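S.K.: coords below, sequence missing:
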């Protein structure tokens, strides 16, 4: 482990590599060793840090198997991502299917940035492409999807054989050029489907409305009650005060965006603008920026949250409370393009019937599904 990028560049990589060449790296693998840049990783949530370690472990496996250095960079990095996804799945922290779902949605959102695999084959092209955050996400996502496609079709033994022999065609039963063409043909999987028209207006919340959710985080499943207790004002804003678990959330009455949280009557967080998970009315393809400063009074930190929200689809979704026609909203990090959350809003329930928060507490996925509710028809 290296305390900063300078020491990481000097001792964790080749001697001739300059600091600027590794400033974007969190870690590298050499034979059976991992070199960790603490400047990039020490403040990561545990779930994200584990992904980094599991990715580098994939490279350790690669190093142990490889006898000839002729493998394309996209395959090596894709194998690292595939290994990370399988490791966190095996540990029960996040299913492989959910990781793959997130990858496909991110590729769909930024499909104009998806490179050709042939442009990611050598080290120079790969390093050049990933210098920008969104391009980096797209490169790793495409590589992971491609390697997953090969392993799903041919089994993990084929990847092991490829590392040992360096012969793509004998390992996978097709040439690398043909496979790259095949990957080009899956691009329609990343296209948004045409939506039928719909219009969903802001619900009329009332005191006494309640929703009981089944909340799932790695290793734990609990019931969570959310109930509108009263109306009040905060710093000049009219708000609904909603008890959630052992705390309270304050929602701006005009937007139904969360503005603050309370615990034992004291502010724990405050946003200078509401967190507008929904922008009314909802209709197909609608997009809006959701940017605000978040003050955390428990950690004494202030962070800028910058997301792009999009109404992605109209779906019939099944949760423990029943089946609902809902508008699915996706939240993307504006800088990196990472999918941060998915929300399903159902008019019949007058709020979300399902949410998936990626990189939630400790960097793991938090899933909420509606178990029961009480609202006026």
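M.R.: Yes, it's here. Just so we're clear, the structure is a prediction, and the values are computed from it rather than from any experiment. Residues are numbered from 1 along each chain as shown.
S.K.: helices and strands around the helix or strand harbouring residue 314, which ones?
M.R.: According to DSSP states H and E, residue 314 maps onto strand 301-319. Counting contacts by 3 or more CB pairs under 8 Å, 6 or more residues apart in numbering; DSSP states H and E, strand 301-319 is packed against strand 287-296, strand 322-333, strand 339-346, strand 351-357, strand 366-374. C-beta here means a position set from N, CA and C on the backbone, and glycine is covered the same way.
S.K.: Which positions within that strand qualify as buried?
M.R.: Applying a neighbour-count criterion of 16 or more other CB atoms under 10 Å, one finds 305, 307, 308, 309, 310, 311, 312, 313, 314, 317, 319 buried in strand 301-319.
S.K.: okay, those residues in a markdown table with distance to residue 260 and pLDDT next?
M.R.: Shown next, in a markdown table, are these (distance: CB to CB, whole Å; pLDDT from 0 to 100):
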| residue | distance to residue 260 | pLDDT |
| --- | --- | --- |
| 305 | 14 | 96 |
| 307 | 18 | 97 |
| 308 | 23 | 98 |
| 309 | 20 | 98 |
| 310 | 26 | 96 |
| 311 | 26 | 96 |
| 312 | 28 | 93 |
| 313 | 31 | 92 |
| 314 | 31 | 94 |
| 317 | 29 | 96 |
| 319 | 28 | 98 |
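S.K.: need the helix or strand of this structure with the lowest average pLDDT.
M.R.: helix 19-22 (a mean of 61; mean pLDDT, DSSP states H and E).
S.K.: what's the next secondary structure element after that one?
M.R.: The helix or strand immediately downstream of helix 19-22 is strand 27-30, counting by DSSP H and E.
S.K.: helices and strands around that next one, which ones?
M.R.: Here strand 27-30 is seen to pack against strand 33-36, helix 46-65 when contacts are counted using 3+ CB pairs under 8 Å, 6+ apart.
S.K.: now what about whichever helix or strand comes after the shortest one, what contacts it?
M.R.: The element immediately downstream of strand 33-36 (helix or strand, assigned by DSSP H and E) is helix 38-41. Residues from elsewhere that reach helix 38-41, judged by CB atoms under 8 Å, 6 or more residues apart in numbering: 1, 2, 3, 4, 5, 8, 25, 26, 27, 49, 52.
S.K.: Do a quick rundown of the helices in the stretch 101-250 of the chain.
M.R.: Counting by DSSP state H, counting those that start in this stretch, the stretch 101-250 of the chain has helices at residues 123-129, 133-154, 156-165, 168-172, 176-185.
S.K.: which stretch in these has the least confidence?
M.R.: With a mean of 86, helix 176-185 has the lowest mean pLDDT of the helices of the stretch 101-250 of the chain.
S.K.: which strands and helices sit next to it?
M.R.: Other elements packing on helix 176-185 under the criterion 3+ CB pairs under 8 Å, 6+ apart are helix 133-154, helix 168-172.
S.K.: and if we set it to 6 Å?
M.R.: Helices and strands touching helix 176-185, as assessed by 3 or more CB pairs under 6 Å, 6 or more residues apart in numbering; DSSP states H and E, are absent.
S.K.: okay, the angle between that helix and helix 156-165?
M.R.: Angle, helix 176-185 to helix 156-165, by axes from the mean of the first three to the mean of the last three CA atoms, to 10 degrees: 140 degrees.
S.K.: ok, the closest residue in space to residue 66 that isn't next to it in sequence to residue 323 distance?
M.R.: In space, residue 66 comes closest to residue 163 once its chain neighbours are excluded; the distance is 4.9 Å by CB to CB, 6 or more residues apart in numbering. Applying CB to CB, to the nearest Å, the value for residue 163 to residue 323 is 46 Å.
S.K.: Neighbour count: those two, which is higher?
M.R.: Shown here are residue 163 and residue 323; by other CB atoms under 10 Å, residue 163 has more neighbours (20 against 12).
S.K.: distance of the more buried one from residue 103?
M.R.: Using CB to CB, one obtains 22 Å as the distance from residue 163 to residue 103.
S.K.: out of everything not next to it in sequence, what's closest to residue 11?
M.R.: The shortest distance from residue 11 to any non-neighbouring residue, by CB to CB, 6+ apart, is to residue 2 (6.4 Å).
S.K.: Could you pull up the contacting residues of residue 162?
M.R.: For residue 162, the contact set (CB atoms under 6 Å, 6 or more residues apart in numbering) comprises residue 171.
S.K.: The closest residue to residue 121 other than its chain neighbours: how many residues sit nearby?
M.R.: Among residues not flanking residue 121 along the chain, residue 72 sits closest, at 4.3 Å (CB to CB, 6+ apart). Residues lying near residue 72 (other CB under 10 Å) number 21.
S.K.: Wait, residue 72 touches residue 120, no?
M.R.: No: with contact defined as CB atoms under 6 Å, residue 72 does not reach residue 120; the gap is 7.4 Å.
S.K.: which ones are touching the residue nearest to residue 66?
M.R.: Counting by CB under 6 Å, 6+ apart, residue 163 has contacts 62, 65, 66.
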